[in-house]
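> output the structure for:
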Amino acid sequence: MRISDDDFDFTWKTFRFMFLDAHNLMLWTIPLLLAVLLRLITHKYHHQLIFPAYFLIIPVVFYVVVFAAGIDLGGLRRSGWLFDMGASAQEPWYKFYTYYDFGAVRWSAIWATLPTQFALLFFNILHPPLNVPALAVSLNTDVDTNKELVAHGYSNLLAGVIGTVPNYLVYVNTLLFYRVGGDNRIAGFLLAVATGALLVIGSAPIAFIPVMVVGALIFVLGIDLVKEALWDNRHRVTWSEYITIISIMVCMTVFDFVIGVLFGIIVCCFFFVVQNSQLNSIRAMYTGDLAMSAVRRPSLQRAYIGEVSKQTTILRLQGFLFFGTITYVEETIRNLLEGPYWSQRPIQFLVVDLALVAGIDMSAAEAFVRIHRLLEGRRVTIVFCGFSAESPVGRALRSVEVLGAHGVELFGTFSDAMEWTENAYLRAWFHSQKIETSGTTLSVPPRLDPDLEYSHLVGSFVRSPRRSHIRDVGDRTIATEFVPQQRADVDNEPFHTLSKAFSSYGSIDPLLFSPITKYLERIYVSEGQVLWASGDAADGLYIIESGVLRARYKFANPTQHFEESMVAGTVAGEMSALSDSPRNATVMAEAPSVLWKLSKKNIQRLQIEEPELSRVLVQLILRGT
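Numbering: from 1, shown residues only. You can find the predicted model right below:
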């Protein structure tokens, strides 16, 4: 029974040759029955010697029957029951090296087989990352994939140098070798010795091996592969993956290996696009009042920002953005600007957090161009955050000229983006009141954007619901502590700063707080000056009269840190000072600042000399914290 691989096709002639010829039918059905019998035995008994003993018994039984019947071995070889090695059985193992004559190379044949060579190269690179982890799971052991890849590369390099076949990790064969006891280095060494001995002896002994032995072994491996691919995975994979497995098997069987690999890649890409397009790229969506920045502000300003930040909508995106997922994002943003949502809750800023986005393709980047035009028509500023301009995401957006366009801002972190929007709201209200935004009136961190544009937030409050909302909230919060054209002087301090910091948490009785001046020390800090470093002993707490302080917190993971800004009307270092614990952050002046220091010594004095004032002050500090 011999059919050339090139001549095999699914025709009636092949069917008749395989199934209607009694002799050929016996040649392949007997190995199939032997393989099925072995799997029935191993299904009940699991000893590792069953497999090798079974394949040692088959040739023994075969030759017992042959010699008992007096059958000629030559006739068995001609009829396909034994391997017919022909003249090659007498040739030395190194004979193939004599064919290495580069002058006789037919380059047209190499060119014709180039697709197959590239497919084999691709598959040879692909199979270690697939087979090695799968083998580790099947053997219930830990395997270093990197080491296996390096060893695979060295073995293929050596194979190419000495002119032999490349290395290939056959999953089923390797698993079979381990299950029959080949799970140590001695077994591997013995296998190498046996292979080397066979190489020196030559292929003559193969002529005495019954074909049914090899046929049964091939059927066993085939049954294991089909069982693992179709039966074992029927409840492990999704329906799309199961269809992919079946289609690849059919394609490789009907056509050839190369077509099967290419078909599998195409089908996997198709299902990848379909599955990922069904995922929700929007991880979360909420308004700015639920995620304020890490800026410590006076209580009335925080109340103001908490109200007006409802005009800020935050979109946290995730995954890879491409044409299949960006559509839902675009539709969501469009719904924010149209219909009942806009009439009930108009927005000023759209903060798009791309920290969890792995990448953006060209179609998704062009979708942001359409989104920007839509937002610009509504005078809504889009604020990107979570990436840098030089990152892959930043380069993709810069290629379509979204970054740098009017009405588009970019910040590295989400907190910086929210801080920028909050500063815009504050400056917009103060500007609308014709107030100079300086001194103790308004302190904002200058590092983000000293030329902050807020003109679109200021204008006629009659015609704009968004600006009317800003004015109304400002009148109910910030305006309650502000007196136009009045500047706090030394005589009003530190009572004015204390009132600004704690008035919303409780009553600031002038008579009760009048003695506090002898416990507070007014100090001036220049820009960049470090007040304390993380781990330093607490020397007191600081109430900020003007300027901006910035705290940097470091965690156990050196790649992670958190920064917080503190503006006028807030308190710095209060928790470590009151609890007498080391500083948990490094604090420096981000701008020239004026501070009121309540030292650790004066805290103790205040507790002894003015217990009621100390109690009220600590209570207000804890409420603010």
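> what about the residue nearest to residue 93 when sequence neighbours are not counted, helix or strand, and which?
Of all residues not flanking residue 93 in the chain, residue 199 sits nearest, at 5.0 Å (CB to CB, 6 or more residues apart in numbering). (C-beta placed from N, C-alpha, C; glycine too.) Using DSSP states H and E, residue 199 sits within helix 185-201.
> repeat that for residue 224.
Assigned by DSSP H and E, residue 224 falls in helix 211-226.
> try residue 409
Here residue 409, judged by DSSP H and E, is contained in strand 408-411.
> how distant is stretch 284-294 from the center of its chain?
Stretch 284-294 sits 23 Å away from the centroid of its parent chain (CA atoms, centre = their mean, to the nearest Å).
> run the angle between whatever helix or strand comes next after the helix holding residue 224 and helix 211-226 for me.
Downstream of helix 211-226, the first helix or strand assigned by DSSP H and E is helix 239-254. Using axes from the mean of the first three to the mean of the last three CA atoms, to 10 degrees, the direction of helix 239-254 lies 160 degrees away from that of helix 211-226.
> packing partners of the helix or strand just after helix 239-254?
Remark: after helix 239-254, the chain's next helix or strand is helix 257-277, criterion DSSP H and E. Under the contact criterion of 3 or more CB pairs under 8 Å, 6 or more residues apart in numbering; DSSP states H and E, helix 257-277 touches helix 114-139, helix 239-254.
> neighbours of residue 208, how many?
13 (other CB atoms under 10 Å).
> what about it, distance to residue 216?
Residue 208 is 16 Å from residue 216, where distance means CB to CB, to the nearest Å.
> same check on residue 306?
Distance of residue 306 to residue 216, computed by CB to CB: 77 Å.
> so between the two, which is more surrounded?
Each of residue 306 and residue 216 has its neighbours counted (other CB under 10 Å); residue 216 has more, 23 against 16.
> wait, the more buried one sits on residue 31?
Yes - at 4.3 Å, residue 216 counts as touching residue 31 under the criterion of CB atoms under 8 Å.
> and stretch 516-532, which residues are buried?
In terms of neighbour count (16 or more other CB atoms under 10 Å), stretch 516-532 has its buried residues at 516, 519, 520, 525, 531, 532.
> let me see the confidence value for the most centrally placed residue in the chain.
Geometric centre of the chain, nearest residue: residue 358, 6.6 Å, by CA atoms, centre = their mean. You'll see residue 358 listed with a pLDDT of 90.
> helices of the stretch 51-200 of the chain, start to end?
Ranges of helices within the stretch 51-200 of the chain are 73-79, 107-112, 114-139, 145-162, 171-179, 185-201, based on DSSP state H, counting those that start in this stretch.
> including mean neighbour count, could the ones you listed go into TSV?
Shown next, in TSV, are these (neighbours: other CB atoms under 10 Å):
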stretch	mean neighbour count
helix 73-79	13
helix 107-112	9
helix 114-139	14
helix 145-162	12
helix 171-179	16
helix 185-201	11
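> for residue 55, which of the ones you listed is the nearest?
helix 171-179 (11.0 Å; CB to CB).
> that's a strand at residue 313, yeah?
Yes - read with DSSP: H, G, I helix; E, B strand; the rest coil, residue 313 is one of the residues of a strand.
> tell me the spacing between residue 516 and residue 83.
Distance of residue 516 to residue 83, given as CB to CB: 104 Å.
> now the helix holding residue 199 against helix 171-179, angle please.
Using the same axes, to 10 degrees: helix 185-201 against helix 171-179 is 120 degrees.
> convert helix 185-201 to PDB, retaining C-alpha atoms only.
Provided in PDB are the C-alpha atoms of helix 185-201 (Å, rounded to 0.1, in the frame of the first residue of the first chain):
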ATOM      1  CA  ARG A 185      18.200  13.200  32.200                       C
ATOM      2  CA  ILE A 186      19.300   9.500  32.200                       C
ATOM      3  CA  ALA A 187      16.300   8.700  29.900                       C
ATOM      4  CA  GLY A 188      17.300  11.500  27.600                       C
ATOM      5  CA  PHE A 189      20.900  10.400  27.500                       C
ATOM      6  CA  LEU A 190      19.900   6.800  26.700                       C
ATOM      7  CA  LEU A 191      17.700   8.000  23.900                       C
ATOM      8  CA  ALA A 192      20.600  10.000  22.500                       C
ATOM      9  CA  VAL A 193      22.900   7.000  22.700                       C
ATOM     10  CA  ALA A 194      20.300   4.700  21.000                       C
ATOM     11  CA  THR A 195      19.800   7.300  18.200                       C
ATOM     12  CA  GLY A 196      23.600   7.600  17.800                       C
ATOM     13  CA  ALA A 197      24.000   3.900  17.600                       C
ATOM     14  CA  LEU A 198      21.200   3.600  15.000                       C
ATOM     15  CA  LEU A 199      23.000   6.400  13.000                       C
ATOM     16  CA  VAL A 200      26.200   4.400  12.900                       C
ATOM     17  CA  ILE A 201      24.600   1.100  12.300                       C
END
